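Enquirer: make a model of this:
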Amino acid sequence: MSFGLGKGRSLDAGDAGFDISTLPRSDAGRLHPNVFFAKSAPRVEIEIGSGKGTFLLQQASLQPDTNFLGIEWTGEFWKYAADRVRRSGLTNARILRGDATQFIRHWVEDGAAQVVHLYFSDPWPKTRHHKRRVVQDQTLADFHRVLAPQGELRIVTDHDALWQWDIERVERAAHLFDRREFSPPESAGEGELVGTNFERKFRREGRPFHAMTLLRKS
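Expert: Numbers count the residues shown, from 1 in each chain. Got it, this is the predicted structure:
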């Protein structure tokens, strides 16, 4: 399957990695994440900040009927993760390079995803950089729009100040989401929350973690 990009170009859904710069202009109409995959799936999950792709690969192998789209900003990590996906042979895992919040806001169709995973995102500790944090009033509204009914936004962080920031914005979005206890996915090993590289590194350092699930209200 391919997705037309105009000017004779198309998106080859057999590739493992894509760049947001190759997508059609965001004002040309929204797209469903299934366009990145050779086979559409009734269930789609999006991971923001996939890093080296550890969680993406683990979860895709355990849920073969779900398409997992990871989004990573750092070019080095994106290339590494895309190569891991390619070598794994998994057809239900793909990774996109770009700004995840902009991709979700401008490109993704309404109700397209069942889960959005946000694990150990950059805390941007300096005050002047707080606007770069993923969880904002606007992004919570964007997540609500792209999630299907009863869809979930799952958040994990080790950073206390970022957690308080997230909580404040989640409380303001109480009309959009119900906050629930976090349930570890199937891929997590014993004693783990999600099994990402960051979690394993931080766990060795003895850091505590904060986690929650936000359930989309109708």
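Enquirer: got a list of contacts for the strand or helix carrying residue 85?
Expert: Here residue 85 is covered by helix 75-88, with elements defined by DSSP states H and E. Applying C-beta atoms under 8 Å, 6 or more residues apart in numbering, the contact partners of helix 75-88 are 16-17, 50-53, 56-57, 61, 70, 72, 93-95, 97. Quick note: C-beta positions are derived from backbone N, CA and C, even for glycine.
Enquirer: quick one: residue 153 is in a strand?
Expert: Yes: assigned with DSSP: H, G, I helix; E, B strand; the rest coil, residue 153 falls within a strand.
Enquirer: contact partners for the nearest residue to it once chain neighbours are set aside?
Expert: Closest residue to residue 153 apart from its sequence neighbours, by C-beta to C-beta, 6 or more residues apart in numbering: residue 214 at 4.2 Å. Residue 214 makes contact with 143, 152-155, 170, 173, 177-180, according to C-beta under 8 Å, 6+ apart.
Enquirer: just the buried ones out of those residues, please.
Expert: Among the contacts of residue 214, those buried by neighbour count (16 or more other C-beta atoms under 10 Å) are 143, 152-155, 170, 173, 177, 179.
Enquirer: looking at those residues, which is nearest residue 218?
Expert: Of all the buried ones among the contacts of residue 214, residue 218 sits closest to residue 177, with 11.2 Å by C-beta to C-beta.
Enquirer: next up, phi/psi of the closest one, please.
Expert: Main-chain dihedrals, residue 177, degrees, to the nearest 10: phi -140, psi 150.
Enquirer: now residue 89
Expert: Taking degrees, to the nearest 10 as the convention, residue 89 sits at phi 80, psi 0.
Enquirer: quick check: it vs residue 126, distance?
Expert: 42 Å (C-beta to C-beta, to the nearest Å).
Enquirer: circling back to that earlier point, tell me which two of the contacts of helix 75-88 sit farthest apart.
Expert: Those two in the contacts of helix 75-88 that are separated most widely, counting by C-beta to C-beta, are 61 and 97, at 22.2 Å.
Enquirer: who has more neighbours out of the two?
Expert: Between residue 61 and residue 97, counting by other C-beta atoms under 10 Å, residue 97 is the more crowded of the two (23 against 16).
Enquirer: isn't that one right up against residue 69?
Expert: No: Residue 97 is not in contact with residue 69 according to C-beta atoms under 8 Å; the separation is 11.8 Å.
Enquirer: how far out from the middle of the chain is stretch 50-64?
Expert: Offset of stretch 50-64 from its chain centre (C-alpha atoms, centre = their mean, to the nearest Å): 11 Å.
Enquirer: how long is it end to end?
Expert: With C-alpha to C-alpha, to the nearest Å as the measure, stretch 50-64 spans 18 Å from end to end.
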